[in-house]
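Sequence and predicted structure, then a few things I'm wondering about:
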Amino acid sequence: MHPLSTESGASPAPRPGPHHTADRPAVPARLEVRDLSKTFAGVTVLDRATMSIAPGEIHALVGQNGSGKSTLIKLVSGVHRADPGGEILVDGEHVGPPVHPRRLFEQGLAFVHQDLGLVPDLSVRENVRVGRHATRRLTGWIDRRRDREAVRRTFEFLGLPLDPDAKVASLQPSERVAVAVARALQDREAGSGVVVFDESSRAIPRESLPAFYDMIRLLASQGTAVLLVSHNLKEVLAVTHRVTALRNGRVVETGVPTADLDEAALTRLVLGREGRLDNLVATLPARLAPGTIQIDGVAGGRVRDFSARITPGEVVGVTGAIDSGLPDLAALLGAVRPAEGRIAVEDRPAVDLAGAGVPDLMAAGVALIPQDRAAQGLALSLTVEENVTAPHLMNRGHVWWTGRKWRHDETDYVLDTFEVRPRQRDAVVATLSGGNQQKVLMGKWLLGRPRLLILDDPTQAVDVGARSAILHATRQAAQQGTAVLLCSSEVEDLAAVCDRVLVLVDGEVARELVVPLTPESILDATFPPAAGGAA
Ligand SMILES: Nc1ncnc2c1ncn2[C@@H]1O[C@H](COP(=O)(O)OP(=O)(O)OP(=O)(O)O)[C@@H](O)[C@H]1O
């Protein structure tokens, strides 16, 4: 088995202990939610959700973008107040709603969000103990020695020998997750509590995932319950014991044993229909158009020298390990980060990235669909229609009027192509779920028919159905003459849509793969087995 494949972290966790036996009283669920509902402005987005998790269980919460997963988590964590009528119990004790953060802490409910909420410049000790520092009795000063001891004990329990004085910025991604977990679980007995990982694995590169899964299994083996919110169906199948699926705000199935599911069955559970990821290179073959896009000598961050030649109509993938420069590349090419290098689009004058900004690239026909959609891609306080049509007003509108029909039509096209939910042109983007925001962003840039489209991990945070729609739209954009550069570590995505894949090593293109591509061939070229050393 490949040391870095998802399977390397994939042996299922031991099953949690039985809920009750003939000679022992029934053990209450570690976490139980009963009939939790949430209504925003008259719209019920979660409707009487009920589920329970046993001590020692790893439970998955799955569902399409906008199905209500985050809303359910936010009701349990007290970020949102549930509609009247529901109940949250931990170890059989009522904890809300309303939920008080202090009560959650006492009951051992801990939440690890995708961004982890750590301060990179502070030490492990400072991050873990913030708000809970031990103080000296007489002076009230922070007692670093006691803090350090408390942190060391917590890491012992997690099986990780982390130095409490190390800066968080210097840690591996999986170690950072451990710091977030340690902060959540400190001062608590081993085996107690519930840890909710809300799409946390998105913060972790592929090569560090096995270590993260091992930590989850260790927590569960000690009796802690784990709730894993995830769009990654392979991860759900590999790591969890049971699954709860939400669809349109309702629990459609709960407590389904993962052992009874395969990827197709889990996809049906999420989507309510089949959702196979086709090989789009075969179904939508390349239609190369005349012209060339030449990228030369791009450098910045860990990227030392990236050059590529792309033909309009071609989808070229770029991949690499976390330290290859891949995470920096799209932002450099899109002039979002300071960069050197040049991009020449067909016969237009080359854009010098050293002096260029986003408007220069847009004028040259280059569009970047960034990862950080809130900071770089979307105006969160505007509506879907305003976001989708804003970049095109100058082309489609008129000096005196902006036109309404084309704006409605193009917004409807995006809403339908990507199945954005809710399907409302006037929905404020901030109120959409994360995955639905991603779909709006993709549609917004595809409508502009760019000459070069740079995609930065476009399927992160999207459900299995939207992922297929996004990859389909990518291939279609290429067929209409756009040159596409897809920067991604998702080997299934790359294999499904790319005509070629460039592999970055140490900031330079080290290998080039051509069709036929498979996830395995891309993985092997990215992490050659001889290199070994899985995390
Ligand atoms: N503050 C809010 N105001 C109005 N509607 C909201 C608000 N927060 C969430 N919603 C709506 O509630 C629904 C459920 O959103 P939620 O974020 O729970 O989905 P999700 O399953 O977590 O999606 P994703 O997988 O994309 O993160 C969506 O239709 C969303 O637009």
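Okay, I see it.

Rounded mean pLDDT for stretch 318-332, please.
Averaged across stretch 318-332, the pLDDT comes to 92.

Show me what counts as buried in that stretch.
318-322, 324-332 (16 or more other C-beta atoms under 10 Å). (C-beta placed from N, C-alpha, C; glycine too.)

Show only the entries of those found in helices.
326-332 (DSSP state H).

Looking at residue 509 now. What's its pLDDT?
Looking at residue 509, its pLDDT is 97.

how does this protein divide into domains?
Taking automatic domain parsing as the reference, the chain has its domains at 119-187, 280-530.

Highest mean neighbour count out of the ones you listed?
Neighbour counts (mean count of other C-beta atoms under 10 Å) averaged over each of the domains of the chain peak at domain 280-530, with a mean of 19.

can you give me the offset of that domain from its chain's centre?
Its chain's C-alpha centre and that of domain 280-530 lie 17 Å apart, by C-alpha atoms, centre = their mean, to the nearest Å.

Heading C-terminal from the lowest-mean-pLDDT helix or strand in the chain, find the next helix or strand.
Ranked by mean pLDDT, DSSP states H and E, the weakest helix or strand in the chain is helix 393-396, scoring a mean of 63. Next along the chain after helix 393-396, taking DSSP states H and E as the criterion, comes helix 405-417.

which stretches of the stretch 51-200 of the chain form helices?
Along the stretch 51-200 of the chain, counting by DSSP state H, counting those that start in this stretch, helices occupy 69-77, 101-107, 124-129, 144-158, 173-185.

quick one: average confidence on the first one?
Looking at helix 69-77 alone, the average pLDDT works out to 93.

same deal with the shortest one?
Along helix 124-129, the predicted confidence averages to a pLDDT of 82.

Check which helices and strands that helix sits against.
With contacts taken as 3 or more C-beta pairs under 8 Å, 6 or more residues apart in numbering; DSSP states H and E, helix 124-129 sits against helix 144-158, helix 173-185.

so who does the closest residue to residue 123 other than its chain neighbours touch?
Excluding the flanking residues, the one nearest residue 123 by C-beta to C-beta, 6 or more residues apart in numbering is residue 165, at 5.3 Å. Contacts for residue 165 (C-beta atoms under 8 Å, 6 or more residues apart in numbering) come out as 123-125, 148.

Pipe the residues you listed into a markdown table and attach distance to residue 497 per row.
Output for the contacts of residue 165, formatted as a markdown table (distance: C-beta to C-beta, whole Å):
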| residue | distance to residue 497 |
| --- | --- |
| 123 | 43 |
| 124 | 40 |
| 125 | 45 |
| 148 | 49 |
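
In terms of distance to residue 262, which of the residues you listed ranks first?
Among the contacts of residue 165, residue 124 lies closest to residue 262 (C-beta to C-beta), at 39.8 Å.

close enough to count as contact, that closest one and residue 163?
Yes. Under the criterion of C-beta atoms under 8 Å, residue 124 makes contact with residue 163 at 6.8 Å.

so residue 246 sits in a strand?
Yes. Under DSSP: H, G, I helix; E, B strand; the rest coil, residue 246 falls within a strand.

Tell me the residues on the stretch 351-500 of the chain that lie near the ligand, please.
Contact residues (C-beta under 6 Å from any ligand atom) of the stretch 351-500 of the chain with the ligand: 421-422, 431-436.

Show me which residues of the stretch 51-200 of the chain sit near the ligand.
Residues of the stretch 51-200 of the chain lying near the ligand (C-beta under 6 Å from any ligand atom): 63, 65-71.

Can you pick out the most distant pair from those?
65 and 71 (12.2 Å).

before we move on, back to that, would you format the ones in helices among the buried residues of stretch 318-332 as JSON lines with distance to the ligand included?
Putting those into JSON lines (distance: C-beta to the nearest ligand atom, whole Å) gives the following:
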{"residue": "326", "distance to the ligand": "24"}
{"residue": "327", "distance to the ligand": "22"}
{"residue": "328", "distance to the ligand": "26"}
{"residue": "329", "distance to the ligand": "25"}
{"residue": "330", "distance to the ligand": "21"}
{"residue": "331", "distance to the ligand": "23"}
{"residue": "332", "distance to the ligand": "28"}
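
between those residues, which is nearest residue 193?
Closest to residue 193, out of all of these and judged by C-beta to C-beta, is residue 327, at 32.6 Å.

how deep is residue 101 tucked in, by neighbour count?
11 (other C-beta atoms under 10 Å).

That one against residue 79, yeah?
No. The pair residue 101 / residue 79 is not scored as a contact, 9.8 Å apart, by C-beta under 8 Å.

got a list of what residue 201 touches?
209, 212, 230, 232, 235.

go again using 10 Å as the cut-off
By C-beta atoms under 10 Å, 6 or more residues apart in numbering, the contact set of residue 201 is 114, 173-174, 177, 208-209, 212-213, 216, 228-232, 235, 239.
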